[in-house]
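J.: need a structure here:
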Amino acid sequence: MQSSIALKSGDKALFVLLRAMGDTLLATPIIRAFKQAFPDVVVDVLAERIPAQILRNNPDIRRIIVAPTRGAPIKSYQPLISDLRQQKYKVSIDALSTPGSALLCRMTGAPHRVGYDLPRRRLFYTNPIKPITEAVYSPIAKRVLLEPVGVMKFDIDNTALLLPRLYPGDEEYLAARELVGEAASDKGLVLSLAPFCKREWKQWSVSYWRELLLRIEPKYRPCWLLFAANSERAALKELEDETQLDVHWVGADDLLVTGAVMKMTGGLIGGDNGLLHIAVGVGTPTLTVFAGRDDPVRWVPPNLPEHQFIDLRGRRDNPETVGEVEQRLIEFIDGHCFRS
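T.: Presented below is the predicted three-dimensional model:
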């Protein structure tokens, strides 16, 4: 049963975000909404090591607590649990409600614990909340987690409140400029490219990506900055090796630096992956190819023409989709991409 949670100045709140980078970033709007409602309540976040990078410099967060690597021995969690209990959080909000995060939420010792009302998890929460099951943008769906503290909903017309945000600082922008170097110095159009998806069923063929870039090359002659983890680079080799294209590998080692580099480009085109949300988080226009099963409505900001998607669900193996994506990419570049 839901109940009201009264918070006062000096209380502490913990947000539990034990998932991948995209899910972590998409939870930042509810943290921002919480902090706006309770500016004198201290906010900490528990996150996994790599996703924790995108929370650096966030003005709404006092402390980022890094959890042990997923699958680590149980004993490695003992110092973490001891630390969390010493903080005496008034409320712990589990923004993802996996079995592991639900257990850690309970182990914090917080008297008020909020999470989704799901089987085998609801018993860990004092305030289990029915999740929104309709297809809506993820930060909007997460808003129900704030109802027990009296933040009933987002103003869905206030896009500044809805969008994820990350905060590269001077150090990250300096690293970004060094990373880009001279690659884009003589190009009028510089674009971010993030085609790789870790889950094979989300992938649009790399050969299709190559054909797409070759088709638009004569019209724009852009410089492409290629983003992916180092372990994913080999899968994108034919894009880097294509001599007719100006493709430069920049990786994605430090996620705030990645955001700073994307901020310097005219737009991002890519697949259904967490890099989409980084681009949104720094205000870079996006065009995303959804070739898996996920509903794009859940992952792309609504009603913003600078953030678009192409729905290829059920058609990802059809070579005719290259022409469809080509036309949409041309419209996207002409209508929304920044040029130097």
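
J.: low-scoring pLDDT stretches of the stretch 51-200 of the chain, where are they?
T.: For the stretch 51-200 of the chain, the stretches flagged by pLDDT under 70 are 152-160, 182, 184-186.

J.: all strands of it, in order?
T.: With DSSP state E, counting those that start in this stretch as the criterion, the stretch 51-200 of the chain has strands at 63-66, 91-94, 112-116, 127-129, 190-194.

J.: Tell me which other helices or strands the fourth one touches.
T.: Counting contacts by 3 or more CB pairs under 8 Å, 6 or more residues apart in numbering; DSSP states H and E, strand 127-129 is packed against strand 112-116. Where you see a C-beta, it was placed from the backbone N, CA and C, and this is true even at glycine.

J.: Same question for the third one.
T.: Counting contacts by 3+ CB pairs under 8 Å, 6+ apart, strand 112-116 is packed against strand 91-94, helix 99-107, strand 127-129.

J.: Serialize those to CSV and add fields for distance to Asp294 and mean neighbour count.
T.: Converted to CSV, those look like this (distance: least, CB to CB, whole Å; neighbours: other CB atoms under 10 Å):
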stretch, distance to Asp294, mean neighbour count
strand 91-94, 22, 28
helix 99-107, 21, 19
strand 127-129, 23, 21
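
J.: Relative to Gly22, which of the ones you listed is closest?
T.: Judged by CB to CB, the one of these that comes nearest to Gly22 is helix 99-107, at 15.8 Å.

J.: Just want the angle from the closest one to strand 112-116.
T.: 160 degrees (axes from the mean of the first three to the mean of the last three CA atoms, to 10 degrees).

J.: hmm, who's touching helix 99-107?
T.: Contact with helix 99-107 is made by 16, 18-19, 46, 67, 70, 77, 80-81, 84-85, 92, 94, 113, 115, 120-121, 124-125, as judged by CB atoms under 8 Å, 6 or more residues apart in numbering.

J.: What subset of those residues is buried?
T.: Neighbour-count burial (16 or more other CB atoms under 10 Å) applied to the contacts of helix 99-107 gives 16, 18-19, 46, 67, 77, 80, 84, 92, 94, 113, 115, 121, 124-125.

J.: Out of those, name the ones that lie in helices.
T.: Leu80, Leu84 (DSSP state H).

J.: Closest one to Pro296 out of the buried ones among the contacts of helix 99-107, please.
T.: Arg19 (19.2 Å).

J.: In contact with Ser97, which residues are there?
T.: Gly115, Tyr116, Leu118, Arg121, Pro131.

J.: What residue, apart from its backbone neighbours, is nearest it spatially?
T.: Tyr116 (3.9 Å; CB to CB, 6 or more residues apart in numbering).

J.: thought that neighbour was touching Asn127?
T.: No: at 10.4 Å, Tyr116 does not count as touching Asn127 under the criterion of CB atoms under 8 Å.

J.: quick check: domain ranges of this protein?
T.: Listed by automatic domain parsing, the domain ranges of the chain are 12-162, 170-336.

J.: I'd like the ones you listed as TSV, with distance to Ser4 appended.
T.: Formatted as TSV, the domains of the chain follow (distance: least, CB to CB, whole Å):
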stretch	distance to Ser4
domain 12-162	7
domain 170-336	29
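
J.: Mind listing the residues bridging to the residue nearest to Ser97?
T.: Note on Tyr116: beta-bridge partners Ile129, judged by DSSP bridges.

J.: does the residue in the chain sticking out farthest from the centre sit in a helix or strand, and which one?
T.: Distance from the C-alpha centroid of the chain, by CA atoms, centre = their mean, peaks at Pro218 (32.6 Å). Element membership of Pro218, judged by DSSP states H and E, is helix 206-220.

J.: what pairs with whatever helix or strand comes next after that helix, and is each one parallel or antiparallel?
T.: Sequence order places strand 223-226 as the next helix or strand after helix 206-220, per DSSP H and E. Strand 223-226 has the following strand partners under DSSP bridges: strand 190-194 (parallel), strand 246-249 (parallel).

J.: How far away from the center of its chain is the first one?
T.: Read it as strand 190-194. 17 Å (CA atoms, centre = their mean, to the nearest Å).

J.: ok, residues contacting it?
T.: 184, 213, 222-228, 239, 247, 261-262, 264-271, 273, 275-276, 279, 284, 333, 337, 340.
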